[in-house]
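> Could you look at this predicted model? Sequence included:
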Amino acid sequence: MSSPSASGGAVACGAGVFGAERRARALAARAAFLGVGLEDPRLKGAQRLLGDRRQPWLRRPWVALAAALAAVGAAFLWPDGLLGRGVGDAVSAGSLTGDPCHLMVRACAKSGAEGGFLVHACAVYMPDQLVKALRPPEDCSMCRGLTQVDKVVNISPAAFEERYAYTGRPVVVGDAMENWTARHEFSFQFFKELYEGSSEYWSHQINCQFFPYDTEFRALLEVFNMSEDRARMRYGTKPWYIGWSNCDETAARALRRHYTRPYFLPTTAESKRTDWLFMGSPGYGAHMHVDNVEHPSWQAQVRGSKQWQLQPPPECLYECRALEVTVHPGEIIVVDTNRWYHSTLIVSTDMSITIGAEYD
């Protein structure tokens, strides 16, 4: 799902461990919502941490590489000492290739530290190519022989599980949103009113993810403060495309009044609690990237049309071919974005709105 990506070099932590810069920005956005100025003493710690993260030497690739190697070495040397059991367990479980975040972050903080801002302050930017190099190799049977993305309707959960659910084979289901009121209710104004009236979202934003892509926005609050002309994509205004994870239980209940669990998911599968939403204007989308999430995901095209470009992992380039599919309103695409490199482009004249989630 064009979502929690390793692209851009930021280490993404599946357990809610985010880089210091993202956390400081989230604090600043929450402060703005609460009317707290950036000079307020309560934000000095976040500003100081953000300043430390922006020191030029921290952005040099050799620093990230050295930190990674140091973390690996430390994990083997002191699995039960200064670093705590977290790193040793991560290495023994094979997380060296699967989740470099565990090594990069846990090597900087004692396992006894819980909660608190500074526990996660040592997350550093890893070069994009290094992140990709640390990914485990894929079994090319996931894409071997595929020439197109199937489009199906009226597929049973059993058939979906056998052919698509966990095989890595992408599919578009065309009839899974027939009873969803989201197709008529979801809009820029709907989300604006939903989140502007929710203090719960802003109080939990520090643990959420926001994807600005090629826009100037730093937080969801800034998106909803854009001009009405730009929000309505009127001629001459700047296009935009953003995404976010929903961490607000009140908002989640409101969202789920308008959509239901896709009927085709295996009966034993659980659709995760976190909703991922993506919204933007024609001609924009997500660049080519691969995600760093735990499970495959579904993404429902509520409004607009979005073209997906799927590239097999590098080790499968000689056995598999690139795929392309356009997902139209009312269709749901299912793709393992941890394995398929993917980009998206809004190809409709209407705004694109999608909602999705992982499933296990």
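Everything's here; your move.

> residues in contact with residue 196?
Residue 196 makes contact with residue 224 under the criterion CB atoms under 8 Å, 6 or more residues apart in numbering. Backbone N, C-alpha and C define where each C-beta goes, glycine included.

> Kindly provide the distance from it to residue 223.
11 Å (CB to CB, to the nearest Å).

> same question, residue 299
Distance from residue 299 to residue 223, by CB to CB: 19 Å.

> Break the chain down into its structural domains.
20-133, 140-358 (automatic domain parsing).

> Which of the ones you listed has the lowest mean pLDDT?
Confidence, taken as mean pLDDT, is least for domain 20-133 of these (a mean of 47).

> Ramachandran angles for residue 277?
phi -120, psi 140 (degrees, to the nearest 10).

> I'd guessed it sits against residue 251; true?
No: under the criterion of CB atoms under 8 Å, residue 277 is not in contact with residue 251, lying 9.9 Å apart.

> Secondary structure element holding the residue lying closest to residue 264 once chain neighbours are set aside?
Among residues not flanking residue 264 along the chain, residue 160 sits closest, at 4.5 Å (CB to CB, 6 or more residues apart in numbering). Per DSSP states H and E: residue 160 is located in helix 157-160.

> send the alpha carbons of that helix over as CSV?
Only the C-alpha atoms of helix 157-160 are listed here, as CSV (Å, rounded to 0.1, in the frame of the first residue of the first chain):
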residue,chain,number,x,y,z
PRO,A,157,-12.8,-16.5,1.0
ALA,A,158,-11.5,-20.1,0.4
ALA,A,159,-10.7,-19.4,-3.2
PHE,A,160,-9.1,-16.0,-2.4
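
> And the next helix or strand past it?
strand 171-173.

> where's the residue nearest to residue 264 relative to residue 333, distance?
Residue 160 is 13 Å from residue 333, by CB to CB.

> any idea where the strands of the chain begin and end?
150-152, 171-173, 210-211, 241-246, 275-280, 297-303, 306-311, 323-327, 332-335, 341-346, 352-358 (DSSP state E).

> Same list (those strands) but as CSV, adding distance to residue 234 and mean neighbour count.
Compiled in CSV, those are given as follows (distance: least, CB to CB, whole Å; neighbours: other CB atoms under 10 Å):
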stretch, distance to residue 234, mean neighbour count
strand 150-152, 34, 15
strand 171-173, 31, 22
strand 210-211, 24, 20
strand 241-246, 17, 22
strand 275-280, 15, 23
strand 297-303, 17, 24
strand 306-311, 21, 20
strand 323-327, 25, 18
strand 332-335, 29, 25
strand 341-346, 16, 21
strand 352-358, 17, 24
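
> Out of those strands, which gets nearest to residue 263?
strand 171-173 (8.7 Å; CB to CB).

> Mind giving me the packing neighbours of the closest one?
Helices and strands touching strand 171-173, by 3 or more CB pairs under 8 Å, 6 or more residues apart in numbering; DSSP states H and E, are strand 150-152, strand 332-335.

> and that strand, which strands flank it?
strand 150-152 (parallel), strand 332-335 (antiparallel) (DSSP bridges).

> Cool, thanks, signing off.
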